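Below are the sequence and a predicted model; questions follow.
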Amino acid sequence: MNTSELLGLFARTLSTVDADLSVAARMCRACVTVLGAQGGTLTLSAGPGEQLTVTTSDRTVAEIESLQEVLGEGPGRQALLDDRIVVAPLRDAPVADDEFPVFSHLAGTVGGPAWWYAVPVRVAGQAVGVLGLYVTAEHLARGLEDAQFLADAVGTAVLADADQLGGASRARVQQAMGMVAALLRIPPPDALVVLRAHAFSEGVTLQDVADAVVSRRLTFTDDADALETRTEDS
């Protein structure tokens, strides 16, 4: 699946998540669904060796995330430190040669045997947090490249601040948000997430994407089978 198709699927999934939740919580849950996980967490770096849990999808993953904080070890901390995807088995019996033997065993007693995928969340090429995914099958429903793309898109959308734009630029972004919200039949906050994620995927600014939408060089279409983005010829 190319990035445009993945972004479209993510946007459509996001629109089905409870609108009363925070943007971070809704994006985390959308990632869980798209990637075929059974739960997820989002943490952000609060300083060297520290991670702040921003959102968890349910009690099981909250307990597992808490174990990493208490133990000071685990795939999430390693993913942030090494800036790489770390996958750890969660076992209901200890295995000495596990990378995180204590964590893997204790986490396995929380929800039973499963796997924990820790995907670094990057903004501007720097790991600033981790998307944790609780998976009862050995593999995600989509490849690691797709998981990394969504984690980075989440980071960009959560940390970006449209208020940093000037007045005219902010008005342009708001106009683009309204157009995308109307076309995709989603709330304006979700439309902003789509714009930011698209800017990330194309390596351009939010202002560039807003200009393209308002000038109708970039359109988002929603049909019965798939949500796609396409850039029209100028």
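Cool, got the structure.

Secondary structure element holding the residue located most distally from the centre of the chain?
Relative to the C-alpha centroid of the chain, counting by C-alpha atoms, centre = their mean, Ala96 is the outermost residue, at 32.1 Å. Using DSSP states H and E, Ala96 maps to neither a helix nor a strand.

Quick check: it vs Glu138, distance?
To Glu138, Ala96 is 21 Å away according to C-beta to C-beta, to the nearest Å. Backbone N, C-alpha and C define where each C-beta goes, glycine included.

Over to Ala62?
For Ala62 relative to Glu138 (C-beta to C-beta), the value is 23 Å.

Compare these two (neighbour count), which wins?
Ala62 (15 against 9; other C-beta atoms under 10 Å).

leaving aside the residues next to it on the chain, what's closest to the more buried one?
Excluding the flanking residues, the one nearest Ala62 by C-beta to C-beta, 6 or more residues apart in numbering is Thr56, at 4.0 Å.

Next, the contact list for that neighbour, please.
Each residue near Thr56 by C-beta atoms under 8 Å, 6 or more residues apart in numbering is listed here: Cys28, Gly39, Gly40, Thr41, Leu42, Ala62, Glu65.

a markdown table for those, including secondary structure and pLDDT?
A markdown table is the format used below for the contacts of Thr56 (DSSP: H, G, I helix; E, B strand; the rest coil; pLDDT from 0 to 100):
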| residue | secondary structure | pLDDT |
| --- | --- | --- |
| Cys28 | helix | 94 |
| Gly39 | strand | 97 |
| Gly40 | strand | 97 |
| Thr41 | strand | 96 |
| Leu42 | strand | 93 |
| Ala62 | helix | 92 |
| Glu65 | helix | 92 |
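
Out of those, which is nearest to Ala127?
Leu42 (13.2 Å; C-beta to C-beta).

Quickly list the domain ranges of the protein.
17-159, 164-231 (automatic domain parsing).

Tell me which of these is the most buried.
Stretch with highest mean neighbour count among these: domain 17-159 (a mean of 19; mean count of other C-beta atoms under 10 Å).

Quick check: Ala96 vs Val102, distance?
Ala96 is 11 Å from Val102, by C-beta to C-beta.
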